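S.K.: Got a predicted structure here, sequence first:
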Amino acid sequence: MDRFLSRLYLALVGIFLAAPIVVVAGVSFNEKQNLAFPPQGFSFHWFAEIFVNPEWFRALVASVLLAITSAALAVAIALPLAWFLWRRVAPWAQVFQLLGVAPFTLPPVITALGFLTFWATSGFYGQVWTAVIAHAIFFVTLPLVTLTLGFSSIDRSLTEAAATMGADDRTVFRTVVLPLILPYVVSGYAFAFVLSLNEYIVAYMTIGFVRETLPIKVFNALRYGYTPTMAAVSVLFVAVTAAVFGLIARFGDLPKLMGAMSSKD
Amino acid sequence: MRREPARGFAQHMPVIFPGLMLTVFFIVPFGTMVVVSFFRRQQGGFYVPDFVLANYARFLTPFFGNVLAFSLYLAVAVAVVSLVVAVPFTYLIARSRRRTQVIWLVALLSILSLSEVIIGFAWSTLLSRTAGITNLLVRFGLMEAPKALVPGFGAVLTGMVYQAMPYAVLVLYPSMVRLDPTLTEAARTLGASPLKAFFTVVLPALRTTLIATLIMAFIFALGSYLLPQILGRPSHWTLSVLITDQALYQSNMPFAAAMAVFLVLVSLALVTLTMFVGKKLEA
């Protein structure tokens, strides 16, 4: 009875979580231009449209470039900071840890407006790279959290042994710390990448009038007439994300990366 | 290699780049926003430096009060519902086999890649009269005729809970999965039912995490911008919608900044209050 109830509960939440994806997938394979659900006919036309239609393709490229660069910058900020906090006794540096977590814990519109006033005042408003910095700062929390978790899971006796054998800080980092922390770097990057790809308000407030990223394009499409292409884009993104995290799970210990104990414990 | 204080320039080097980036691109923009909130708006242009409180005085209108009250009410509702749904869900996942856990985790992480816009679109379809779930209910004979559930408060709430769910589960997961299973086993051995063990042992042990999740979902909801517009009526628009509207379409940056500063203060106050109450409960 208990087992049945818990299965039932999991199934109900599962349906709740899957329902929108089912709708979006249905619409994306629809043959007609209208947003009918259940779908009529079956076609890959709207998926092709993403790559053939120059407007959608430009938005896709803009979003992917933004996500690649801003996630890299976020990791570049988070990695030295997390390493320093783990390696050194430096209570004052906790301030930066707090600053790194703050943007993501404030309502997004605050960060967005902060950047809007900042870029407008400094005269850079509308430059494409301003969105890269804005996203990197906004999402730096994710690699910072995963890396802090990763460093805390490293057995200090390993680095101590390496140091006793005469390795300097740089060698220890390269040969011991980096291999152990790499899965957390990857998952932190993946988080920042995925969220940047789908972020709306910060991108809109910084470069919204100059460049259309995919979420901006989708929202505009929703407002000024529907097209199933927007559904196709989402299905594509969900599939890519599932593949990325599936691969991480295949070659790494996903529950551990998400904060569980190692499966061997 | 024991932790030592950093000495000299070379050992401080790693912290320079992150520190600089966070200071220049988080503290300074935030400061700029606070400063601009005291500026005077200039018709046609942006704003002129000044020190006026007029932007803050505009809060005293009933319209603004209503929007603020609704935003807070919505955020509390979203946070509570998300927590109530996510806690048993995460608990059951954390108790399942590792392979099952991996599948659920990948599914949740994939949902993170649905942008807010698409969530809004999907739920507006699901709750519509023509293609929505009420059609299913009619087919099963549970309802007379299909009806539109969107736009409405229920639709906004559903969409926002949906959006907050993966985050809530991912915040709850580490503590749930690290929870010592012998705790509940002990309770069961002493005669508690599974449900009683869950309420009297599991939940109290996770108090801090529960409060952290509640706060996260609350702040997340407080900043929602798209879903109230897609799934709600204008009466369901939140402070974030108002802020964006003023900043981008009315070109009144000082007023938008003042509202943003106010929103930060309100959320900080509520977070402090929640943590204070949490500490009280713990004592």
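M.R.: Received it, and whenever you're ready, just let me know what you need.

S.K.: is any part of stretch B:246-254 close to chain A?
M.R.: Yes - if you take C-beta under 8 Å from any C-beta of the partner chain as the test, stretch B:246-254 does meet chain A, through B:Ala247, B:Leu248, B:Met253. To be clear about C-beta, it is placed using only N, CA and C from the backbone, and glycine gets the same treatment.

S.K.: Could you export these to CSV, including columns for pLDDT, neighbour count and secondary structure?
M.R.: Output for the residues of stretch B:246-254 next to chain A, formatted as CSV (pLDDT from 0 to 100; neighbours: other C-beta atoms under 10 Å in any protein chain shown; DSSP: H, G, I helix; E, B strand; the rest coil):
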residue, pLDDT, neighbour count, secondary structure
B:Ala247, 85, 24, helix
B:Leu248, 83, 17, helix
B:Met253, 86, 25, helix
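
S.K.: List the contacts of whichever residue of the stretch 101-250 of chain A sits closest to chain B.
M.R.: Taking C-beta to the nearest C-beta, chain B has its nearest neighbour within the stretch 101-250 of chain A at A:Pro107, 2.6 Å off. If you count contacts by C-beta atoms under 8 Å, 6 or more residues apart in numbering or on different chains, A:Pro107 has them with B:Ile219, B:Phe220, B:Leu222, B:Gly223, B:Ser240, B:Leu263, B:Val264, B:Ser267.

S.K.: Which members of those additionally contact chain A?
M.R.: B:Ile219, B:Phe220, B:Leu222, B:Gly223, B:Ser240, B:Leu263, B:Val264, B:Ser267.

S.K.: Buried ones among the residues you listed?
M.R.: Buried residues within the ones next to chain A among the contacts of A:Pro107, counting neighbours by 16 or more other C-beta atoms under 10 Å in any protein chain shown: B:Ile219, B:Phe220, B:Leu222, B:Gly223, B:Ser240, B:Leu263, B:Val264, B:Ser267.

S.K.: Can you give me the buried ones in the lengthiest helix in chain B?
M.R.: In chain B, with assignment by DSSP state H, the single longest helix is helix B:62-95. Across helix B:62-95, burial judged by 16+ other C-beta under 10 Å covers B:67-68, B:70-72, B:74-79, B:81-83, B:85-94.

S.K.: Could you check what's spatially nearest to B:Cys108, not counting adjacent residues?
M.R.: That one is not Cys; residue B:108 is Leu. In this structure, B:Leu108 finds its nearest non-sequential neighbour in B:Pro166, 4.5 Å apart by C-beta to C-beta, 6 or more residues apart in numbering or on different chains.

S.K.: what does A:Gly246 give?
M.R.: The shortest distance from A:Gly246 to any non-neighbouring residue, by C-beta to C-beta, 6+ apart, is to B:Val106 (5.4 Å).

S.K.: what about the helix or strand where that neighbour lies, distance to the chain center?
M.R.: Element membership for B:Val106 (DSSP states H and E) is helix B:98-111. Distance of helix B:98-111 from the chain centroid (C-alpha atoms, centre = their mean, to the nearest Å) equals 21 Å.

S.K.: what angle separates that helix from helix B:62-95?
M.R.: Going by axes from the mean of the first three to the mean of the last three C-alpha atoms, to 10 degrees, helix B:98-111 is angled at 160 degrees with respect to helix B:62-95.

S.K.: name the helices or strands packed onto the next helix or strand after helix B:98-111?
M.R.: Next helix or strand after helix B:98-111 toward the C-terminus (DSSP H and E): helix B:116-126. Under the contact criterion of 3 or more C-beta pairs under 8 Å, 6 or more residues apart in numbering or on different chains; DSSP states H and E, helix B:116-126 touches helix A:2-28, helix A:214-223, helix A:229-251, helix B:153-178, helix B:226-231.

S.K.: just for chain B, where's the confidence low?
M.R.: Judged by pLDDT under 70, chain B has its weakly predicted residues at B:1-2, B:43-46, B:281-283.

S.K.: Tally up the residues packed near A:Gly246, please.
M.R.: Neighbour count for A:Gly246, taken as other C-beta atoms under 10 Å in any protein chain shown: 16.

S.K.: any idea how far it lies from A:Phe138?
M.R.: Distance from A:Gly246 to A:Phe138, counting by C-beta to C-beta, to the nearest Å: 26 Å.

S.K.: Number of residues surrounding residue 24?
M.R.: Defaulting to chain A. By other C-beta under 10 Å, 24 other residues sit near A:Val24.

S.K.: You answered for a different chain; I wanted chain B.
M.R.: 13.

S.K.: go on, A:Leu222?
M.R.: Applying other C-beta under 10 Å, I find that A:Leu222 has 19 neighbouring residues.

S.K.: go on, B:Leu183?
M.R.: Counted with other C-beta under 10 Å, B:Leu183 comes out at 13.

S.K.: before we move on, the earlier item: and the nearest residue to the residue of the stretch 101-250 of chain A closest to chain B once chain neighbours are set aside, what are its phi and psi?
M.R.: Spatially, and ignoring its direct neighbours in sequence, A:Pro107 is nearest to B:Gly223 (2.6 Å; C-beta to C-beta, 6+ apart). Here is the backbone geometry of B:Gly223 (degrees, to the nearest 10): phi -90, psi 10.

S.K.: Could you measure from the nearest residue to A:Tyr200 once chain neighbours are set aside over to B:Phe121?
M.R.: Spatial nearest neighbour of A:Tyr200, excluding adjacent residues (C-beta to C-beta, 6+ apart): A:Pro215 at 4.3 Å. According to C-beta to C-beta, A:Pro215 stands 11 Å off from B:Phe121.

S.K.: The two: who's more crowded?
M.R.: Higher neighbour count among A:Pro215 and B:Phe121: B:Phe121, with 29 against 25, using other C-beta under 10 Å.

S.K.: The more buried one against B:Leu227, yeah?
M.R.: No - counting by C-beta atoms under 8 Å, B:Phe121 stays clear of B:Leu227, with 10.4 Å between them.

S.K.: Please work out which residue of the stretch 151-265 of chain A is closest to chain B.
M.R.: Nearest residue of the stretch 151-265 of chain A to chain B, counting by C-beta to the nearest C-beta: A:Gly259, 2.8 Å away.

S.K.: residue contacts, that residue?
M.R.: By C-beta under 8 Å, 6+ apart, the residues touching A:Gly259 are A:Leu149, B:Tyr173, B:Pro174, B:Val177, B:Arg178.

S.K.: With respect to chain A, which of the contacts of A:Pro107 is nearest?
M.R.: After measuring those against chain A - C-beta to the nearest C-beta - the closest member comes out as B:Gly223, at 2.6 Å.

S.K.: Against A:Ile216, how distant is that closest one?
M.R.: Using C-beta to C-beta, B:Gly223 is found at 18 Å from A:Ile216.

S.K.: now do B:Arg97
M.R.: Applying C-beta to C-beta to B:Arg97 and A:Ile216 gives a distance of 41 Å.

S.K.: I figured A:Ala260 hits B:Leu179, correct?
M.R.: No - between A:Ala260 and B:Leu179 there is no contact, the gap being 10.6 Å when judged by C-beta under 8 Å.

S.K.: Chain A - how does it break down into domains?
M.R.: Domain ranges of chain A: A:1-43, A:53-257, per automatic domain parsing.

S.K.: and the most centrally placed residue in chain B, what does it touch?
M.R.: Nearest to the geometric centre of chain B sits B:Phe220, at 1.8 Å (C-alpha atoms, centre = their mean). If you count contacts by C-beta under 8 Å, 6+ apart, B:Phe220 has them with A:Pro107, B:Val78, B:Gln163, B:Ala164, B:Tyr167.
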